[in-house]
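A.B. asks: Requesting a structural model of the entry that follows:
(chains A, B, C and D)
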Protein chains: 2
Amino acid sequence: MREGLRERKKAETHQALAKAALHLADELDPERVTVEAIADAAGVSPRTFFNYFSSKEDAIVGIAPAHSSALLADLLARPDDEPPLDALRAVVLAAAERLQAGGDDWVIRHRLIQKHQSLAISRAAWFAEVERRMTEEIARRTGLDPGLDVYPALVVSATIGALRVAIDVWQERKRVGALETLIDDAFDVLAHGLRLSDTVGNHAV
Amino acid sequence: MREGLRERKKAETHQALAKAALHLADELDPERVTVEAIADAAGVSPRTFFNYFSSKEDAIVGIAPAHSSALLADLLARPDDEPPLDALRAVVLAAAERLQAGGDDWVIRHRLIQKHQSLAISRAAWFAEVERRMTEEIARRTGLDPGLDVYPALVVSATIGALRVAIDVWQERKRVGALETLIDDAFDVLAHGLRLSDTVGNHAV
DNA sequence: CGCAAAGTTGCGGCTTCTGCAACTTTATCT
DNA sequence: AGATAAAGTTGCAGAAGCCGCAACTTTGCG
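C.D. replies: As a prediction, the model looks like this:
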């Protein structure tokens, strides 16, 4: 059979743990949620929790290999001769759509991340890994050496920053309006230069 | 007396712990260095360690309130009507000079940060705090609402990213050439737009 | 059915980190 | 100087995170 019972059970346990972690953290403080409680809620032993996540924070933030792979895969799928910033914008827009399609859990997650810096740190660690790999790819496309030229790492860093900032502002705006608009605004600024000009202004919500 | 014995001793202990943490981490793996060993090397009890640093990583990375305050103070000292990106560039250049004046410890520190992601995470957490406060100040200067407009957070995020990237590339280049040049390159790119053009290229080392 | 691979669990152990209370050192006031 | 207050250090106890290991159970497959 293509998808064994084994794989399915593993995926179910993973999701059960992530969901339990998220909802428990939402009800109490994340700091007051123990691994034991999460494992209990997912019907699994505390020891097993650590077979799936390397920390409590990772479970709450929902660090899934799938996501970072998706970002990188999207980038690899863009045409090779597309300008780096355009390719990255497309990747980020696709990621935003994917996140919004995920439902309410994603909103809860990011509300928690904004309130508790231990979670923000976990997210940052995840972003850092994505950044590292995207920088490699941008370097390959541009023919630049990432150890000599700042451009590849700089454009990727700005890109990830734009995603993060857009999400934060969108949450701050109570999710009124499209996240994609904010992302486009951010990339327009990055593309035209970060000098403050009259093209920058708070688009009405 | 202006500077009491108390203050001096505290500063000495702080520095002794930071130095011990850095050098022990440099000799062994950071993961294999325990708080107990650091405290011993600094001639202080493990319990006291936690009166100075909230984690082992913080001690190695040398999270000192002084540094982040310096960045913010520099920003506050810039003229109010200076364009945000210019003010931030000046702040980052000043920070780079300050770091280089610090001597060899700083180089060791950043070599460790690049090798071990647990330290990179600690640094990221510290950057995040700086970012938050700088964003406030940029919002004030520009009259933009950081909860409505992406610009303040975006320009600060790109700025901190530029600092990080410049330091990383400089280390990768074995510290040949001036860090300030790399920072200027990065800010030139940010100012003119992140579209790849022929103005971007690896300046000879 | 029966063996091999993979997953789960309990256990022991180390480490990080915190609150608390006792103690020592430094500052201040008369 | 001497008493008192303030600040800093330390040990202790304990919660929790995290990991390696070995036994056990479940699943996959011939």
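A.B. asks: contacts, neighbours, all on C-alpha from now
C.D. replies: OK.
A.B. asks: if we look at stretch A:163-175, which residues are touching it?
C.D. replies: A:92, A:110-111, A:114, A:176-177, A:179, A:182-183, A:186, B:146-150, B:153-154 (CA atoms under 8 Å, 6 or more residues apart in numbering or on different chains).
A.B. asks: Count the residues that sit near the closest residue to chain B within chain A.
C.D. replies: Taking CA to the nearest CA, chain B has its nearest neighbour within chain A at residue A:193, 3.8 Å off. Residues near residue A:193, counting by other CA atoms under 10 Å in any protein chain shown, number 21.
A.B. asks: Need phi/psi at it.
C.D. replies: phi 110, psi 140 (degrees, to the nearest 10).
A.B. asks: Also residue A:45?
C.D. replies: The phi/psi pair for residue A:45 (degrees, to the nearest 10) is phi -80, psi 150.
A.B. asks: wait, what's in contact with it?
C.D. replies: Contacts of residue A:45 (CA under 8 Å, 6+ apart): A:36, A:39.
A.B. asks: give me that answer again for 10 Å
C.D. replies: A:35, A:36, A:37, A:38, A:39 (CA atoms under 10 Å, 6 or more residues apart in numbering or on different chains).
A.B. asks: coming back round to it: excluding chain neighbours, what is closest to the residue of chain A closest to chain B?
C.D. replies: residue B:193 (3.8 Å; CA to CA, 6 or more residues apart in numbering or on different chains).
A.B. asks: and stretch A:168-187, average pLDDT?
C.D. replies: Regarding stretch A:168-187, the rounded mean pLDDT is 95.
A.B. asks: actually stretch A:102-115, not the one I wrote
C.D. replies: On average, stretch A:102-115 scores 91.
A.B. asks: who in chain A is up against DNA strand D?
C.D. replies: Residues of chain A that fall close to DNA strand D, judged by CA under 7 Å from any atom of the strand: A:1, A:4-7, A:32-36, A:47, A:50, A:54-57.
A.B. asks: so of these, which ones are in helices?
C.D. replies: A:5, A:6, A:7, A:35, A:36, A:47, A:50, A:56, A:57 (DSSP state H).
A.B. asks: With neighbour count as new columns, can those be given to me in a markdown table?
C.D. replies: Formatted as a markdown table, these follow (neighbours: other CA atoms under 10 Å in any protein chain shown):
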| residue | neighbour count |
| --- | --- |
| A:5 | 10 |
| A:6 | 9 |
| A:7 | 11 |
| A:35 | 20 |
| A:36 | 14 |
| A:47 | 11 |
| A:50 | 14 |
| A:56 | 24 |
| A:57 | 24 |
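A.B. asks: check those residues against DNA strand C, which are close?
C.D. replies: A:6, A:7, A:47.
A.B. asks: Sketch out the low-pLDDT regions of chain A for me.
C.D. replies: A:1-3, A:5, A:64-68, A:198-205 (pLDDT under 70).
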